[in-house]
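*Asks:* give the three-dimensional model of this entry:
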Amino acid sequence: MSPVESLTQLAGPISSEAGPGLFLRIVLVASFVGVGLLVWIMARAFRND
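*Replies:* Modelled structure (predicted):
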């Protein structure tokens, strides 16, 4: 099975749900992780040592 086929198979339940559901949760978690990493990088870059 090719990677594209496996990704399509994994994404199947996401698109069959009514409403945003799991996809919205994944996007929100990824956003919070990204913001957390950005804050951590900015804090390390601008601290005065």
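*Asks:* all helices of the protein, in order?
*Replies:* Ranges of helices within the chain are 3-16, 21-46, based on DSSP state H.
*Asks:* so in the protein, where's the weakest helix or strand by average pLDDT?
*Replies:* helix 3-16 (a mean of 62; mean pLDDT, DSSP states H and E).
*Asks:* any weak-confidence spans in this structure?
*Replies:* 1-20, 49 (pLDDT under 70).
*Asks:* do that again at 90, thanks
*Replies:* 1-25, 45-49 (pLDDT under 90).
*Asks:* neighbours around residue 22, how many?
*Replies:* By other C-beta atoms under 10 Å, the residues close to residue 22 number 13. All C-beta spots, glycine's among them, are computed from the backbone N, C-alpha and C.
*Asks:* can you check residue 46 too?
*Replies:* When neighbours are counted by other C-beta under 10 Å, residue 46 comes out with 7.
*Asks:* do the same with residue 23
*Replies:* For residue 23, using other C-beta under 10 Å, the count is 14.
*Asks:* distance of it relative to residue 30?
*Replies:* 11 Å (C-beta to C-beta, to the nearest Å).
*Asks:* ditto for residue 37
*Replies:* Residue 37 is 11 Å from residue 30, by C-beta to C-beta.
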